[in-house]
Structure formats: C-alpha cells, structure tokens
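Chemist: Next comes the sequence, and after it the predicted model I'd like to discuss.
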Amino acid sequence: MKTYLILLIPFFATLSTFAQKSKANVPNPNHTTVVVQYTCPMHPDVVSNKPGKCPKCNMDLTLSKKEQMKREVTKTYTCPMHTEVVSDHEGVCPKCKAQLVVDRRGSKQAIKEYTCTMHPDEYSSKPGKCPICNKPLVKVKS
C-alpha cells in the first residue's frame, strides 16, 4: 500500500503542474477580435477579411451590408497607420502603440459629408450639385 501511495503522490503532483500550464494559454477575455467582412458589389460570393480588389472584376471590395449596419449602430476603432488593426473599444495599436481612432470606413457618416438643403436624402462624399434640383451641395455639420 505504501508503494502505491509513494507512486501516486508524484503522479498527481506532475498532473496538477501540467494542468496549470495549459490554463495559462487561455486567451485574454478583455481583448476581443472583431472580424470584418468585405465583399464585391458585383460578386457577393467574393468575401475577404481585409480591403482589396475583387479577383473577378478588379473592383474595390466594400464592407458587407451586415458590416455597414453594424458600423452605424456600434463604434469600432482602428489604427490610423495599420488599418487591419480593428477593435471594439478605445486603446492603442499593438503594432505601433498609436491611439486607435473611430473607424468610419463604409459607414453613412463617412459618405455623408455634403448634402442638398432641399433634398437631405441626396448626399455625397465630395462637393458637387444635387442631381434633382441642381443646387450646390453643402457640407454637413458634425
């Protein structure tokens, strides 16, 4: 009986040590990864996790409709230097330690910089004229 006890004590000590080491590999619950999907406007089956060009038609990939709706409701933050770094809360970039800024790519807020005073549903990202009444578009106040 003593022999079994002498053999079991080191076995359980070793087992508990390895159990604690595997526990250290659990990801940090405070750090969340945001997955962003980009799609081609002409080919919705082309999906990517980063901006780029469509391999079929060479158009720029845009945020998927789902991502656009999420961005209108929630704020996401990105690094100004490394646009692939995206977070759902404020902080610093893990690559360059720069402060993360609110990501407005693909949101209506990014597009709607100029609008018509008579037709607020007509908007553009650059100055121009309203396609309905031909009045100049005015800059939207933030």
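Modeler: That came through fine. None of the values given here were measured: they were computed from a predicted structure.
Chemist: ok, and the helix or strand in this structure with the lowest average confidence?
Modeler: Least confident helix or strand, the chain: helix 108-111 with a mean of 51, by mean pLDDT, DSSP states H and E.
Chemist: Contacts for the helix or strand following that helix next, please.
Modeler: Sequence order places strand 114-115 as the next helix or strand after helix 108-111, per DSSP states H and E. Contacts to strand 114-115, defined as C-beta atoms under 8 Å, 6 or more residues apart in numbering, come from residues 122-128, 137-140. For the C-beta atoms, the positions are set from N, CA and C on the backbone; glycine is no exception.
Chemist: In strands, which of these appear?
Modeler: Judged by DSSP state E, the subset of these located in strands is 123-124, 138-139.
Chemist: how close does the residue of the chain most remote from its centre get to Thr14?
Modeler: Farthest-out residue of the chain from its mean C-alpha position, per C-alpha atoms, centre = their mean: Met1, at 60.7 Å. Here the criterion is C-beta to C-beta, to the nearest Å. By it, Met1 lies 21 Å from Thr14.
Chemist: On the pLDDT front, check Gln20 for me.
Modeler: pLDDT recorded at Gln20 is 68.
Chemist: Please parse this structure into its domains.
Modeler: Recorded structural domains for the chain (assignment: automatic domain parsing) are 31-103, 112-142.
Chemist: Mind pulling up the pLDDT for the closest residue to Cys116 other than its chain neighbours?
Modeler: Leaving out its chain neighbours, the residue that sits closest to Cys116 by C-beta to C-beta, 6 or more residues apart in numbering is Cys130, at 3.8 Å. pLDDT, Cys130: 86.
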